[in-house]
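Trainee: sequence? don't have it. structure:
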């Protein structure tokens with residue numbers, strides 16, 4: 001049997017293996033300087049002022065342009081046959097969007113972004129200056145439109161024609177006050 005115990009040696013340094021500190025320190029210094037330069041370059045790049053790369057500065061649309069666009073959209077709404085679920089949803093989506101757009105122009109309430117419940121909280125009949133019949137009819141239409149768009153409620157083309165006529169008359173009354181006397185050209 002081999003009864004020799006392992007021999008313990010002292011820790012040997014790099015010099016014992018042929019590498020001297022005099023040879024290594026320049027490489028350590030170059031690595032440190034490279035790291036600091038890279039860190040400074042990344043910091044400078046992230047904090048430098050950037051040029052605007054967007055296109056030309058756009059001016060907000062004037063109310064006359066928006067009324068014209070909404071009026072054009074209203075004039076171009078057609079009841080597509082067959083008046084199936086897909087066409088009903090599209091018809092009522094566009095029609096209620098135009099009505100909400102006119103409400104938004106009249107009141108500066110973001111009606112196109114509000115749910116029906118939120119819109120009810122923000123609107124009043126006096127704010128829109130509507131008669132009682134127009135006020136009730138507007139809410140009936142908006143509720144019906146939401147049910148058709150989101151709950152797949154059934155509707156027929158006769159109801160859609162009535163809704164289109166109602167919304168056209170309502171939008172004439174909802175033109176912004178400063179544009180109420182101006183005739184809008186529908187293209």
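Mentor: Great, that's in hand. Everything numeric in this text was worked out from a predicted model, so none of it was measured.
Trainee: for the chain, just list every one of the strands.
Mentor: Using DSSP state E, the chain contains no strands.
Trainee: show me where pLDDT drops low in it?
Mentor: Applying pLDDT under 70 to the chain picks out residues 1-3, 11-23, 52-63, 177-187.
Trainee: would you map out the domains in it?
Mentor: Domain assignment of the chain by automatic domain parsing yields the ranges 14-47, 63-179.
Trainee: most tightly packed of those domains?
Mentor: Most buried of these, by mean neighbour count (mean count of other CB atoms under 10 Å): domain 63-179, with a mean of 16. In this view, the C-beta of every residue, glycine as well, is placed from N, C-alpha and C.
Trainee: distance between it and the chain's centre?
Mentor: 21 Å (CA atoms, centre = their mean, to the nearest Å).
Trainee: give the contact list for the closest residue in space to residue 129 that isn't next to it in sequence.
Mentor: Spatially, and ignoring its direct neighbours in sequence, residue 129 is nearest to residue 173 (7.7 Å; CB to CB, 6 or more residues apart in numbering). Residue 173 makes contact with 129, 130, 134 under the criterion CB atoms under 8 Å, 6 or more residues apart in numbering.
Trainee: I'd like the distance between residue 173 and residue 163.
Mentor: Between residue 173 and residue 163 the distance is 16 Å, computed by CB to CB, to the nearest Å.
Trainee: tell me where the chain has helices.
Mentor: Taking DSSP state H, the helices of the chain run over residues 21-47, 63-75, 85-107, 116-122, 125-128, 132-150, 157-173.
Trainee: JSON lines please, covering those helices and showing distance to residue 10.
Mentor: Below are those laid out as JSON lines (distance: least, CB to CB, whole Å):
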{"stretch": "helix 21-47", "distance to residue 10": "18"}
{"stretch": "helix 63-75", "distance to residue 10": "87"}
{"stretch": "helix 85-107", "distance to residue 10": "85"}
{"stretch": "helix 116-122", "distance to residue 10": "80"}
{"stretch": "helix 125-128", "distance to residue 10": "92"}
{"stretch": "helix 132-150", "distance to residue 10": "82"}
{"stretch": "helix 157-173", "distance to residue 10": "96"}
